[in-house]
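S.K.: Provide a 3D model corresponding to the input given below.
(one chain, ligands or ions: 1)
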Amino acid sequence: MVLVHPKNTSRTCPICGHVAKENRPSRGQFYCRACGHAAPVDNVAVENIHRAAVNQPNAAAN
Ligand SMILES: [Zn+2]
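M.R.: Model (predicted):
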């Protein structure tokens, strides 16, 4: 079963993996507080969903 958490996909930096609600300065905008990566939230969420689907951390446990 593939579990993707929609909440965190838009708060997680696809570059460094930093997760924080502060990474969302405004609706629709992503700005990583850790590495400075900036992009539209939609792009970030898509990147993270792709990564989560390909790279499931719990896949071995299933
Ligand atoms: Zn980052």
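
S.K.: Which strands and helices lie in contact with the longest helix along the chain?
M.R.: Of all the segments of type helix in the chain, defined by DSSP state H, the longest one is helix 41-54. For helix 41-54, the packing partners by 3 or more C-beta pairs under 8 Å, 6 or more residues apart in numbering; DSSP states H and E come out as helix 6-9, strand 29-31. Heads up, the C-betas are built off the backbone N, CA and C, glycines and all.

S.K.: Now render these as CSV, adding mean neighbour count and distance to residue 51.
M.R.: CSV is the format used below for the helices and strands packed on helix 41-54 (neighbours: other C-beta atoms under 10 Å; distance: least, C-beta to C-beta, whole Å):
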stretch, mean neighbour count, distance to residue 51
helix 6-9, 13, 9
strand 29-31, 17, 15
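
S.K.: Now the weakest link among these, please, by mean pLDDT.
M.R.: Among the helices and strands packed on helix 41-54, helix 6-9 has the lowest mean pLDDT, at a mean of 76.

S.K.: who in the protein is up against the ion?
M.R.: 13, 15-16, 18, 32, 34-35, 37 (C-beta under 5 Å from the ion).
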